[in-house]
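S.K.: missing the sequence, but the structure's below:
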């Protein structure tokens, strides 16, 4: 009977706690729950060791490690539940859809209409970006969104485009004629010669995450990575 009473009391306590915390920030609640559950499992595992219940200690120790170190218990993730839709802003225009993750600062976008419909903006090379700018030039809202995305993910793009338009690209190509541009491009992306288009795009994505200027990256390296990707895909 005492176990039934304690169980009922615990259920009432959980319901009361859920009611009290329903207006709190979900991220804070889930972060606290992660440490409470993980810490409780670790404490029980330690107690099981004291009473020489090695089997229980090993199971609960693994559970505690998974929760405290990875934030997961099987398929259940404390982190994914903690980040609600309120942390992502979504904006749409005729041609573009943008999402801003306020937690990470990442700005993602994709094309909704036109010749590049369905494309992720990260997959656009210089030639495609120029073509998209020309295509949506009559829609001011779409142009503003695209320029915001370029300012965030392609720092220095205005200067680069202006330099290319002024003939800087041909001068650089002439100065580098003694080198093997394909081998250099593969080396920049960390790929072996003959890599597929999908491998090139995947390598470009991963490298750009590390050189993003907002994360202390280098605009020069970002430009080199973009140049290598555009050259190899253009072939």
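M.R.: Nice, I can see it. Just so you know, these numbers come straight off a predicted model, no measurement behind them.

S.K.: CA atoms for contacts and neighbours, from now on please.
M.R.: Noted.

S.K.: quick one, domains of the chain?
M.R.: 2-82, 84-153, 175-235 (automatic domain parsing).

S.K.: so who does residue 135 touch?
M.R.: Shown in contact with residue 135 (Cα atoms under 8 Å, 6 or more residues apart in numbering): residue 114.

S.K.: kindly report the same for residue 188.
M.R.: Taking Cα under 8 Å, 6+ apart, one finds 224, 225, 228 in contact with residue 188.

S.K.: in the helix or strand it falls within, which residues are buried?
M.R.: For residue 188, the host element (DSSP states H and E) is helix 181-189. The neighbour-count check on helix 181-189 (16 or more other Cα atoms under 10 Å) flags 185, 186, 188, 189 as buried.

S.K.: in this protein, which spans are helices?
M.R.: 2-21, 26-50, 54-65, 78-82, 126-135, 140-153, 157-165, 168-175, 181-189, 197-211, 219-234 (DSSP state H).

S.K.: how much does the last one deviate in direction from helix 157-165?
M.R.: For helix 219-234 against helix 157-165, the angle between stretch directions is 60 degrees (axes from the mean of the first three to the mean of the last three Cα atoms, to 10 degrees).

S.K.: likewise the third one?
M.R.: In terms of direction (the same axes, to 10 degrees), helix 54-65 departs from helix 157-165 by 60 degrees.

S.K.: and residue 117, how many neighbours?
M.R.: Residue 117 is flanked by 12 other residues according to other Cα atoms under 10 Å.

S.K.: could you give the backbone dihedrals for it?
M.R.: phi -60, psi 130 (degrees, to the nearest 10).
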